[in-house]
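have a look at this prediction, sequence included:
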Amino acid sequence: MQEKAYAKVIEKLIDRYILITEDNKKIDALLKGNIKKKREFLVGDIVEIEKAYDKFLITDIKERTNSFIRPPVANIDNLVIVVSLKNPVPDYMLLDKELILCNAKNITPIICINKLDLVKDDNKQIEYVKKTYNTEAEIMFTSAYNGNGINKLFDKLKGKVSAFSGNSGVGKSSITKKLLDLVKKEENIEIGNIGKKSNRGKHTTKAVKLYEITNSTYILDTPGFSSFELYDINYKNLKNYYKIFKNLNCEYEDCMHINEKEDVCAVKKAVTLGKIDKLRYERYVYLYNKLKEMDDKKYK
């Protein structure tokens, strides 16, 4: 290896970082000097390293394409939004938030409907997801239980860094394990079960970690996406992160699709005509008002 090179942070421990070098070697590294005071390093970061005697030191960090505070990750290409239609039932508010953040941070969203082994082909929820979100993201179908759809999902993730999100119990860790099994990798991933009484999943992922499936293909099994908030989205920009609004021309360019009348707001008219799902629009209004309230509090 050259005296200085770049590597990807795949795991952040208390006293050191685990990196993958450009020549695909796994190494331990420490922060050099007081660099920790200048920047916080995240899993997914591309860092500059140098070797001093028998130790590797992190000396700098490359500019990020995107980053999250919760969970603390950076440089994500894809966000696989895992949804189960049964046990647990879908959380569409969470799904909307995840799609908003993807559009705000230039991340490709993939909606992954998991646990197909538990539902019938004519399930109404499947049709709802297809009709409501087909313009927002590619929709894929999997069963981590029997492996259906895993190969197709694997092909979609090749050469990318992909994070998994979704509420607890939808099968994020189980899908991760199936993907690793495709390339016969042994990783210690704890798989949780659904609580029989509560029907809520147990949080099984303990820390943010980047798993290498093949060279240049990584997946993140991350805690935190199930509870994140739109902490850095301005309410005035919220409408820009709904793809379904993009091709609708309201009479006023600054239309927020909230208090305007239907005869001047193309979005409201589309809701009335059934072209935009009414419940999803109502969730948009709720998020808009919540973000506006948060913004108003800053100036009180």
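Nice, thanks for sending it over.

after the helix or strand where Q125 lies, which helix or strand is next?
Take DSSP states H and E as the rule and Q125 turns out to sit in helix 124-133. Next helix or strand after helix 124-133 toward the C-terminus (DSSP H and E): strand 138-141.

tell me which residues are up against that next one.
109-113, 116, 129-130, 133, 148-149, 152-153, 156 (CB atoms under 8 Å, 6 or more residues apart in numbering). For glycine as for every other residue, the C-beta is placed from the backbone atoms N, C-alpha and C.

ok, back up a step: and the helix holding Q125, what does it pack onto?
strand 108-114, strand 138-141 (3 or more CB pairs under 8 Å, 6 or more residues apart in numbering; DSSP states H and E).

buried stuff in the longest one?
Judged by neighbour count (16 or more other CB atoms under 10 Å), strand 108-114 contains these buried residues: T108, P109, I110, I111, C112, I113, N114.

next up, the contacts around A74.
Counting by CB under 8 Å, 6+ apart, A74 touches L42, V43, G44, D45, R64, T65, N66, S67, F68.

over to P72?
Counting by CB under 8 Å, 6+ apart, P72 makes contact with K12, E40, L42, V43, V208.

over to G159?
By CB under 8 Å, 6+ apart, the contact set of G159 is S216, T217.

is it in a helix, a strand, or coil?
Using DSSP: H, G, I helix; E, B strand; the rest coil, the secondary structure recorded for G159 is coil.

quick one, phi/psi of it?
phi 80, psi 10 (degrees, to the nearest 10).

roughly how far does it sit from L99?
Distance from G159 to L99, counting by CB to CB, to the nearest Å: 23 Å.

ditto for G33
Using CB to CB, one gets 41 Å for the distance from G33 to L99.

look at these two and report which has more neighbours.
L99 (21 against 9; other CB atoms under 10 Å).

make sure I have this right: that one is in a strand.
No - under three-state DSSP, L99 falls outside any strand and is assigned helix.

hang on, it packs against A137?
Yes - between L99 and A137 a contact is recorded at 6.6 Å, counting by CB atoms under 8 Å.

mutual contacts of these two, please.
By CB under 8 Å, 6+ apart, L99 and A137 have these common neighbours: I81, P109.

check which helix or strand covers L57.
According to DSSP H and E, L57 maps onto strand 55-61.

from the contact counts, what lies against that strand?
strand 17-21, strand 26-31, strand 46-52.

still on that earlier bit, most widely separated two among the contacts of strand 138-141?
The span of the contacts of strand 138-141, defined through CB to CB, is set by P109 and N148 at 21.3 Å.

max-length helix in the protein?
Secondary structure assigned by DSSP state H gives helix 278-297 as the longest helix of the chain.

centroid residue for the chain?
L79 (3.6 Å; CA atoms, centre = their mean).

where does that residue land in three-state SS?
Classification of L79 by three-state DSSP places it in strand.

test my guess that it contacts I110.
Yes - here L79 reaches I110: they are 7.1 Å apart, a contact under CB under 8 Å.

quick check: neighbours shared by the two?
Common neighbours of L79 and I110 (CB under 8 Å, 6+ apart) are S162.

which ones are touching L79?
The contact partners of L79, taken as CB under 8 Å, 6+ apart, are E98, L101, C102, I107, T108, P109, I110, S162, A163, F164, S165.

tell me the contacts of K55?
Residues in contact with K55 (CB under 8 Å, 6+ apart) are A29, L30.

that one and K32: what is the separation?
On the measure of CB to CB, K55 and K32 end up 10 Å apart.

which one is R280 nearest to, not counting chain neighbours?
Residue nearest to R280 in three dimensions, not counting chain neighbours: T132, with 5.6 Å by CB to CB, 6 or more residues apart in numbering.

what's the distance between the one you found and K297?
Per CB to CB, T132 is found 31 Å from K297.

where does the protein have low pLDDT?
Scanning the chain with the threshold set as pLDDT under 70 gives 1-4, 36-38, 121-122, 184-207, 221-228, 300.

try it again with 50
1-2, 192-205 (pLDDT under 50).

count the residues that sit near the residue nearest to C250 when sequence neighbours are not counted.
In this structure, C250 finds its nearest non-sequential neighbour in A266, 4.8 Å apart by CB to CB, 6+ apart. Neighbours of A266 under the rule other CB under 10 Å: 20.

how much space between D155 and L180?
D155 is 15 Å from L180, by CB to CB.

out of the two, which sits in the more crowded spot?
L180 (18 against 8).

and T217, how many residues sit next to it?
Look at T217: counted by other CB under 10 Å, it has 17 neighbours.
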